[in-house]
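>>> generate a structure from the sequence data that follows.
(one chain, ligands or ions: 1)
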Amino acid sequence: MDGTEDVQDVAAIASREAELVAEIEGAPDLAALEALRVRLLGRSGEVTRRLKALGALPPEKRKEVGAALNALRDTLTDRINARRAALERAALTARLASERIDVSLPPRPAPAGGQESGVIHPISRTIEEIAAIFGAMGFRLAEGPDIETDWYNFGALNIPPHHPARAEHDTFYLPPAPNGETRVLRTHTSPVQIRTLLANPPPVRIIALGRTYRADHDATHSPMFHQCEGLAIDRTLTLGHLKGCLIDFLRAFFDMPNLPVRFRASYFPFTEPSMEVDIGWNRRTGEIGAGGDWLEILGSGMVHPRVLANCGVDPTEWQGFAFGMGIERLTMLKWGINDLRLFFENDVRWLSHYGASPFRPAALQEGL
Ligand code: PHE
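A predicted model of the protein is given here:
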């Protein structure tokens, strides 16, 4: 029997079921199985056709054969679904096997005269070095978003509306947040001080490394640049700790145990007192550490009591210091790079010259 005669009795249906189940089990792939499903259960498929023909049978037979056909339809549906799942599993297994990557293969040989591997961008390298030095002093890494509200970037840092410090920042303003708050691209990493203090009660000791933005573009300014912020709050931290911390940092970073460092009174709204930090250099040759000239390299100070209070920290109980520095500037000085735009041009020759080996991670004990 091949189903074309449609013998409508229970015994014939049972033997037909055995044939069809065998056919389903033998379907070689998903396409063949789908064709079979349409041939059996589709709108003019064999089982559908048999069900439609029930009306021609005498009533007593109709009941018996109807039940058998319904059972046949259910069995075939279940078997087809099971076979489909099995075929899908097999297809996935085959695909995973064929797409396996052999990680033991040797790397592709470099082109003649080319280098064996990529390199770490000098900005990333400086970031790793800064993290290694402050990490050894017990600072942990903190993060904040590039898109800030006016309050985090300015207000909480004691820079109220119309404060002249805002004009110096050449801020990129964004459309306001849905709740009406003014949004900006952060002009410095100092808002991470606020976020850190709000999220963690002191004592805290963090550095924040990341992108910052100001509408400024020339050989020493880029609209996007990187800063490192530091914040240490405890019960008894003083200006002495601030000085010791930054002198140690600068001498480790420039790898010069005797690098001259000078602290000069300055002003930031969020620190009091505030100090600009200079290192010794030679203005004529650009050489660091010699020559009797001074070069400003970072801003620092004791965190203003109003900033602490804005973060819910009691300024009569807690005090500490903060500092901020430009990562491009530090990198340019360390490697004698004279144009900041080179960092972002992605010239492979320049990158391979100034880039660092990925196989030598920044580590203090290696002398950076
Ligand atoms: N946020 C300041 C700037 O971008 C730097 C700074 C940070 C100064 C922390 C003091 C303390 O210029």
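>>> tell me the secondary structure at the residue of the chain found nearest the ligand.
Proximity of the chain to the ligand (CB to the nearest ligand atom) peaks at Gly324, 2.6 Å away. (C-beta placed from N, C-alpha, C; glycine too.) Following DSSP: H, G, I helix; E, B strand; the rest coil, the label given to Gly324 is strand.
>>> contact residues of the stretch 1-150 of the chain facing the ligand?
Selection of the stretch 1-150 of the chain residues close to the ligand by CB under 6 Å from any ligand atom yields an empty set.
>>> that's a strand at Pro273, yeah?
Yes - checked against three-state DSSP, Pro273 lies within a strand.
>>> enumerate every residue touching it.
By CB atoms under 8 Å, 6 or more residues apart in numbering, the contact list for Pro273 reads Leu239, Ala265, Gly301, Met302.
>>> rewinding a little: the residue of the chain closest to the ligand reaches Leu298, doesn't it?
Yes - here Gly324 reaches Leu298: they are 6.5 Å apart, a contact under CB atoms under 8 Å.
>>> what sits in contact with each of those two?
By CB under 8 Å, 6+ apart, no residue touches both Gly324 and Leu298.
>>> output stretch 69-77 in CSV with nothing but the alpha carbons.
The C-alpha coordinates for stretch 69-77 follow below in CSV (Å, rounded to 0.1, in the frame of the first residue of the first chain):
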residue,chain,number,x,y,z
LEU,A,69,-6.9,9.0,11.7
ASN,A,70,-6.7,11.6,14.4
ALA,A,71,-4.3,9.4,16.3
LEU,A,72,-2.3,9.0,13.1
ARG,A,73,-2.1,12.7,12.7
ASP,A,74,-0.9,13.2,16.3
THR,A,75,1.7,10.5,16.1
LEU,A,76,3.1,11.8,12.8
THR,A,77,3.2,15.4,14.1
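>>> just the helices from the stretch 101-250 of the chain, written as ranges.
Here the stretch 101-250 of the chain has its helices, by DSSP state H, counting those that start in this stretch, at 122-136, 150-153, 164-168, 191-199, 239-253.
>>> got the buried residues for the shortest one?
Along helix 150-153, the positions that meet the burial threshold by neighbour count (16 or more other CB atoms under 10 Å) are Asp150, Tyr152, Asn153.
>>> same check, this time on the fourth one
Under the neighbour-count criterion of 16+ other CB under 10 Å, helix 191-199 has Pro191, Val192, Gln193, Ile194, Arg195, Thr196, Leu197 buried.
>>> show me what that helix is packed up against.
strand 140-142, helix 150-153, strand 204-213, strand 224-234, helix 305-310 (3 or more CB pairs under 8 Å, 6 or more residues apart in numbering; DSSP states H and E).
>>> one more time with 10 Å, if that's ok
strand 140-142, strand 147-149, helix 150-153, strand 204-213, strand 224-234, helix 305-310, strand 319-326 (3 or more CB pairs under 10 Å, 6 or more residues apart in numbering; DSSP states H and E).
>>> so where do the strands sit in the protein?
Counting by DSSP state E, the chain has strands at residues 140-142, 147-149, 173-174, 183-185, 204-213, 224-234, 261-268, 271-281, 293-303, 319-326.
>>> got those strands as TSV, with mean pLDDT columns?
Output for the strands of the chain, formatted as TSV (pLDDT from 0 to 100):
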stretch	mean pLDDT
strand 140-142	97
strand 147-149	96
strand 173-174	94
strand 183-185	95
strand 204-213	97
strand 224-234	98
strand 261-268	97
strand 271-281	97
strand 293-303	96
strand 319-326	98
